[in-house]
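A.B. asks: Pasting a predicted model and its sequence here:
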Amino acid sequence: MIRKKLIWIGLGVFALLLRTILSYQPEFVEQYYSRGIFPLVRWTIDYMLGWIPIPLIYFFFFILSLWLFFSIRKFIKSKNKWTVKLVQSLLSILAFIGGTMFFFFFLWGFNYARQPIEQQLNLDVKPLSVKELKEELQWVSEKVVKLREELSLHYSKNPYELELPRKTEDQLRNSLESWLDLRGFSTLGRVRGRWLYPKGIFLRFSSAGLYFPLTGEGHIDPGLHVLDHPYTMAHELSHGYGFGDEGTCSFLSFIACTESDNAFFAYSAYLNYWITLARNYRRYAPEDYASVRDLLNETNKADIEAIFDTLRKYPDIMPKFRNYAYDAYLKSQGIKEGVLNYNRVIMLVRAWRLAKKT
């Protein structure tokens, strides 16, 4: 038993060291893992387990709970000395951590070291000036006004009465796969996007969704406002196709939603992009924020208020700890800006749309 535990500890250390080495070889990771090994992992998970109607993460935590229960029971009933029991328990914990790290990296985590998407798309990504932020806001404001007027012909103007289109997961997956496939990225497999109950399970930790590498599925919080669902689900599906960077997944989500044939999805993406832009613009030009907000119509403003009103139903639990922990996690995976990486979507979207004009 000790030998097995040491093996799992060793595998975890090996995976961590390999991840450190690979962080200096993004071209190697891109060619041999992200476009080689990982698509095979993706296909295996999706076609062996993706048909199960219940999110696999429930099964994972059920099995984990059983393991903890029997481990504690064994510890209590053991007649060994306390020192021996403590050493055995410590080895068990380290073995669990080692095994988790090993499977995390080999099932998905090495994608953090792949080539940045802007290099592969030849995008000129750079920080925006305050003037450029405002230009971007003016551009996207026209989009959200026009799209909401179009949606109002088929949907209620009341944001609390909006309903999600049917087969949202399938439509978003198809749109994302089409775009990735045209640009040579692997789309092998069929990533699942699940709603994970109870409501607020992520929102109370300042998150809207989660991609869980150990089951290979994306999850979103059903407590989100319906206008957040498509954009969030496409973000988690993007993780599932091998992208670790948060800004990249938000960019791919924006693309998947806005280039689909569904106006509801497009509006969800443009509105979320507007909110991200406005949050940044307000930080740098608070005195001019009101003029930018006035570019929207009253229905747009009602939609935004409904989104935040829904979020307020699920106040954060330990927000400072969550922010610190997640920031540290992202930085440990080579994302230097930590949680601010989410805002990189602004640079990517602007670079992409400017490149399309040339």
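C.D. replies: The structure has been received and is ready for your questions.
A.B. asks: Which parts of the stretch 201-350 of the chain are helices?
C.D. replies: 229-240, 246-258, 263-284, 289-293, 298-311, 319-332, 344-357 (DSSP state H, counting those that start in this stretch).
A.B. asks: if I look at the residue nearest the centre of the chain, how far off is D181?
C.D. replies: Centroid-nearest residue in the chain: E236, 4.2 Å away (criterion: C-alpha atoms, centre = their mean). From E236 over to D181 the distance is 19 Å, taken as C-beta to C-beta, to the nearest Å. C-beta coordinates here come from the backbone N, C-alpha and C atoms, glycine included.
A.B. asks: picking up where we left off before, correct me if wrong: the residue nearest to the centre of the chain contacts L210.
C.D. replies: Yes: look at E236 against L210 with C-beta atoms under 8 Å: they come within range, at 7.1 Å.
A.B. asks: Now stretch 250-259: buried residues?
C.D. replies: Neighbour counts over stretch 250-259 (16 or more other C-beta atoms under 10 Å) mark S250, F251, L252, S253, F254, I255, A256, C257, T258 as buried.
A.B. asks: one step back: nearest to I37, of the helices of the stretch 201-350 of the chain?
C.D. replies: For I37, the closest of the helices of the stretch 201-350 of the chain is helix 229-240, at 15.3 Å, according to C-beta to C-beta.
A.B. asks: Quick one: neighbours of N122, just the number.
C.D. replies: 8 (other C-beta atoms under 10 Å).
A.B. asks: residues contacting it?
C.D. replies: Contact partners of N122, counting by C-beta atoms under 8 Å, 6 or more residues apart in numbering, are A355.
A.B. asks: List of residues touching stretch 89-99?
C.D. replies: By C-beta under 8 Å, 6+ apart, stretch 89-99 touches I2, K4, K5, L6, W8, I9, G10, L11, G12, V13, S71, F75.
A.B. asks: Filter those down to the ones in strands?
C.D. replies: Counting by DSSP state E, no part of those is found in strands.
A.B. asks: Which of these sits closest to E142?
C.D. replies: G12 (51.0 Å).
A.B. asks: Now the closest residue to that closest one other than its chain neighbours: which helix or strand?
C.D. replies: Take G12 and drop its neighbours on the chain: the residue closest to it by C-beta to C-beta, 6 or more residues apart in numbering is G98, 2.6 Å away. Using DSSP states H and E, G98 maps to helix 82-107.
A.B. asks: domains in this structure, as residue ranges please.
C.D. replies: For the chain, automatic domain parsing gives the domain ranges 2-113, 117-357.
A.B. asks: May I have the distance across the last one, first residue to last?
C.D. replies: Counting by C-alpha to C-alpha, to the nearest Å, the length from the leading to the trailing residue of domain 117-357 is 19 Å.
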